[in-house]
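*Asks:* Just need the structure, nothing else, for what follows:
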Amino acid sequence: MNKQAWTEAALLTTGWAKNVLLEWQENGILVDVRSNCDAPAYCHVLPGPVIPGIPNLHSHAFQRGFSGLAEFRAHAADSFWSWRNLMYRFAARIQPEQLEAIAIWLYVEMLEAGYTSVCEFHYLHHDVTGHQYAESQVLSSALLRAARQAGIGMTLLPVLYQHSNFGGQPPTDGQRRFVTSTDDMLRLLERLRVECSEQNAQLGLAPHSLRAVTPDSLRETISGFDEINSLAPIHIHIAEQTKEVDDCITWSGQRPVQWLLDALPVNERWCLVHATHMTPEEALAAARSGAVAGLCPTTEANLGDGIFDMEHWRQGKGRWGIGSDSHVCVNAAEELMLLEYSQRLANRRRNILAEKSQHHVASAAVLAAVSGGAQAAGRPVDGLRPGQLADFIVLDTEHVALSRLTHCDMLSAHVFSSSRSSAIGQVWQSGMCRVEGGRHNLRHEAAVRFTEARNCLLNAQG
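*Replies:* Residues are numbered from 1 along each chain as shown. A predicted model of the protein is given here:
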């Protein structure tokens with residue numbers, strides 16, 4: 001029997017609508033979204049305006065365990081590269097049960113913060129010595145279990161990582177848990193295909209970066225993955241740092257984005273994570289390829305990466321989505337706020353992300369992030385319309401920032417003036433209420449497990 005919920009207002013793919021009825025099947029797929037109708041008898045009436053659930057298109061779950069702990073000066077010119085050394089030391093210790101504990105807490109946080117699905121860019125594959133586990137999917141399985149327990153939708157992206165820099169330079173000792181041969185990666189993907197299918201998770205592929213994979217390995221792995229699923233998503237870090245751009249030019253004579261576009265048939269399957277340092281020509285060409293830009297504003301700010309060229313990306317009609325990446329912030333609204341503010345700083349104008357059809361920045365930004373995130377996830381999570389999952393957020397009308405505002409202004413207040421406190425009342429994923437009163441029912445248990453795992457890891461590092 002189908003399930004129904006009714007709300008006074010909902011942000012549909014076409015904009016705000018009043019008196020909206022949502023109806024979905026047992027599997028969570030919406031079959032009807034109807035506006036301007038009365039609530040049927042015995043229908044569940046939602047306590048506030050509804051917006052679509054937002055996909056988190058870039059996550060490294062294990063990094064939640066040390067987020068906030070690298071905010072001290074280790075060098076005169078601290079950068080992404082000095083932060084990376086700290087990350088390697090943390091990654092060297094983590095065990096499967098600790099990864100699962102960290103991920104459950106992270107996914108609970110994500111749901112409470114308005115993310116209803118996650119793309120897990122997973123490159124921690126081997127044991128602490130760098131050798132394969134007896135079952136190569138052990139750490140991937142820990143993430144899938146965590147997603148299932150928390151109730152968040154999952155796109156699992158096993159990462160191909162083979163070298164330390166362009167030209168096939170040998171990996172460092174700190175990368176020993178990441179390094180996987182092409183053949184082993186394809187075997188891992190085959191094993192994970194069944195496991196992902198069992199919990200309606202999407203399986204994708206993530207060549208880590210152009211510096212970590214040679215052109216031959218990149219082509220061979222993608223070709224092998226095409227035999228598994230030729231439509232599944234492919235994500236790659238690219239042009240995040242100026243050093244990466246300089247090293248790529250030294251190696252190939254081209255900038256990273258231009259090299260990728262020339263070397264491979266980049267299309268709608270691809271998510272270009274960060275893509276921070278592009279020329280206007282690169283940005284236009286990459287946008288027109290159909291690829292999604294995977295933007296992680298709080299992490300990019302935390303690491304001092306730079307500011308994305310949204311102006312030229314939008315000129316090329318490019319899609320984009322947001323991710324929490326290293327999880328210095330786990331808050332979808334805050335990512336959107338910082339994205340808008342960074343564009344204002346770069347362009348010295350206001351209301352950059354607004355569209356002709358959506359003058360309110362928050363409404364336009366949410367719809368763009370949902371659409372781009374759904375494409376990157378490769379899952380049916382593209383807003384409140386038939387054929388998509390019933391993933392949605394109910395705003396808290398009693399929150400002081402939202403109280404007594406219009407529905408559209410409530411969303412603006414949620415993004416721009418909730419002052420880092422939650423203005424989310426409920427979160428539904430696949431037609432199931434995962435968050436009630438702003439809190440997930442696993443919150444306490446997950447927090448205890450996370451704290452114990454983090455304490456163990458920090459003590460192990462001395």
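
*Asks:* Strands of the stretch 151-300 of the chain, start to end?
*Replies:* Per DSSP state E, counting those that start in this stretch, the stretch 151-300 of the chain has strands spanning 153-160, 202-203, 206-207, 234-238, 270-274, 292-295. These are given in chain order.

*Asks:* and those strands as TSV, adding mean neighbour count and distance to Glu23?
*Replies:* The C-beta positions use only the backbone N, C-alpha and C, and glycine is treated the same way. Putting the strands of the stretch 151-300 of the chain into TSV (neighbours: other CB atoms under 10 Å; distance: least, CB to CB, whole Å) gives the following:
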stretch	mean neighbour count	distance to Glu23
strand 153-160	27	20
strand 202-203	23	24
strand 206-207	24	36
strand 234-238	27	33
strand 270-274	28	31
strand 292-295	28	29
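
*Asks:* quick one: which of the ones you listed is nearest Glu227?
*Replies:* Nearest to Glu227 among the strands of the stretch 151-300 of the chain is strand 202-203; the distance by CB to CB comes to 13.1 Å.

*Asks:* and that closest one, how far from the chain's centre?
*Replies:* Taking CA atoms, centre = their mean, to the nearest Å, one finds strand 202-203 lying 14 Å from the centre of the chain it belongs to.

*Asks:* which ones are touching Val366?
*Replies:* With contact set as CB atoms under 8 Å, 6 or more residues apart in numbering, Val366 has these partners: 11, 51-52, 54, 336, 411, 415.

*Asks:* what about the helices in this protein?
*Replies:* Secondary structure of the chain by DSSP state H: the helices cover 80-91, 96-112, 138-150, 182-198, 215-228, 242-252, 256-263, 280-288, 297-302, 310-315, 332-347, 361-377, 407-416, 443-460.

*Asks:* any chance of the contacts of Val366 in CSV, with distance to Ala263 too?
*Replies:* Shown next, in CSV, are the contacts of Val366 (distance: CB to CB, whole Å):
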residue, distance to Ala263
Leu11, 39
Ile51, 39
Pro52, 35
Ile54, 32
Leu336, 33
Leu411, 41
Val415, 38
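
*Asks:* just those now: which is nearest Ala401?
*Replies:* After measuring those against Ala401 - CB to CB - the closest member comes out as Val415, at 10.1 Å.

*Asks:* Name the nearest residue to that closest one, ignoring sequence neighbours.
*Replies:* The shortest distance from Val415 to any residue other than its chain neighbours is 4.1 Å, reached at Ala362 (CB to CB, 6 or more residues apart in numbering).

*Asks:* neighbours of the one you found, just the number please.
*Replies:* 25 (other CB atoms under 10 Å).

*Asks:* wait, it sits on Met410?
*Replies:* No - taking contact to mean CB atoms under 8 Å, the distance of 9.2 Å between Ala362 and Met410 leaves them out of contact.

*Asks:* re earlier: with the contacts of Val366 in mind, which one is nearest to Ser141?
*Replies:* Distance to Ser141 across the contacts of Val366 (CB to CB) is lowest for Ile54, with 25.9 Å.

*Asks:* wouldn't the closest one be in contact with Tyr115 here?
*Replies:* Yes - at 5.6 Å, Ile54 counts as touching Tyr115 under the criterion of CB under 8 Å.

*Asks:* of those two, who's got more company?
*Replies:* In terms of neighbours (other CB under 10 Å), Tyr115 is the more surrounded of Ile54 and Tyr115; the figures are 31 against 27.

*Asks:* Please name the residues that touch that one.
*Replies:* Neighbouring residues of Tyr115 by CB under 8 Å, 6+ apart: 53-56, 152, 324, 330, 332.

*Asks:* 6 Å - rerun?
*Replies:* Each residue near Tyr115 by CB atoms under 6 Å, 6 or more residues apart in numbering is listed here: 54, 56, 332.

*Asks:* on that earlier part again, would you mind listing the residues touching both of Ile54 and Tyr115?
*Replies:* Common contacts of Ile54 and Tyr115, defined by CB under 6 Å, 6+ apart, comprise Ala332.

*Asks:* hang on, the earlier thing: could the contacts of Tyr115 go into TSV alongside pLDDT and distance to Ser230?
*Replies:* Rendered in TSV, the data for these read as follows (pLDDT from 0 to 100; distance: CB to CB, whole Å):
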residue	pLDDT	distance to Ser230
Ile54	98	27
Asn56	98	25
Ala332	97	31
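
*Asks:* where's Leu303 relative to Asp382, distance?
*Replies:* Leu303 is 30 Å from Asp382, where distance means CB to CB, to the nearest Å.

*Asks:* And the spatially closest residue to Gly323 that is not a sequence neighbour, how close does it get to Gly373?
*Replies:* Taking CB to CB, 6+ apart as the measure, Gly323 lies nearest to His58, with 2.8 Å between them; neighbours along the chain are not counted. With distances defined as CB to CB, the gap from His58 to Gly373 amounts to 10 Å.

*Asks:* Mind checking which of the two has more residues around it?
*Replies:* When His58 is set against Gly373 and neighbours are counted by other CB under 10 Å, the residue ahead is Gly373, at 34 against 28.

*Asks:* I'd say the more buried one and Pro52 touch.
*Replies:* No - under the contact definition of CB atoms under 6 Å, Gly373 does not touch Pro52, with a separation of 9.8 Å.
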